[in-house]
Structures are given as C-alpha cells and as structure tokens.
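need coordinates for the below:
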Amino acid sequence: MAMLRGVRMNFDECNAVRSAIKGVGVLLHDKDMLMDIGFRDELRELMKGRERKELIQPIVFIKGRYIGGFEEVMRMVEEELLY
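As a prediction, this is how the structure comes out:
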C-alpha cells in the first residue's frame, strides 16, 4: 500500500510541476525514464554524485543545468523566478 501511495504522490508532483512550468509560458520537453532506456542512462550520468532525495522525480533541468525537484520548482514558480 505504501508503494502505491508513493507512486501516486510522485505522479501528482510530476503533473503539478508540468502544469506550473507550462503555466508561466516556459517551453517544456518532458521525458519518461521508463520508456527511454538511453535517457535513463544519460540521467544517471547527469545526476552522479547527487543525494538520493535529488533522484526522486520530477527532476528538472533548464538548458542542461539541474534546477531541482518538486519543491524547488514550485518555489521558483511562486517567487516568479522562471519568467
């Protein structure tokens, strides 16, 4: 049961980040790690050395630079830093 709750929370956070980014007019290109093995390997390389909590989706990059996950992106939208 806890796993399903975690999956649902992750799904909701990904959707919230996607909506927030699109809502401020930022062009968004999202990728599904489960559907693209090459991207999953690329992401592992990009995230090498990061803390485990930073590896939980959503993982957001802007122009190849790691920005953060759900909390960081939502804070940036709230503070109008993504315009």
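
tally of neighbours for Leu46?
13 (other C-beta atoms under 10 Å). All C-beta atoms are positioned from the backbone trio N, CA, C, and that covers glycine.

any idea how far Arg8 is from the nearest residue to it once chain neighbours are set aside?
Excluding the flanking residues, the one nearest Leu46 by C-beta to C-beta, 6 or more residues apart in numbering is Tyr66, at 7.0 Å. Remark: distance between Tyr66 and Arg8 (C-beta to C-beta, to the nearest Å) = 25 Å.

avg pLDDT for the lengthiest helix in the chain?
Longest helix of the chain, by residue count under DSSP state H: helix 2-23. Rounded to a whole number, the mean pLDDT of helix 2-23 is 81.

and what of stretch 72-83?
The average pLDDT within stretch 72-83 is 90.

so which bits of it are buried?
Neighbour-count burial for stretch 72-83, counted by 16 or more other C-beta atoms under 10 Å, picks out 73-74, 76-77, 82.

nearest to Leu34, of those residues?
Proximity of these to Leu34 (C-beta to C-beta) peaks at Val73, which lies at 20.7 Å.

verify the stated contact: the closest one with Ile67.
Yes. Between Val73 and Ile67 there is a contact under C-beta atoms under 8 Å: 6.4 Å.
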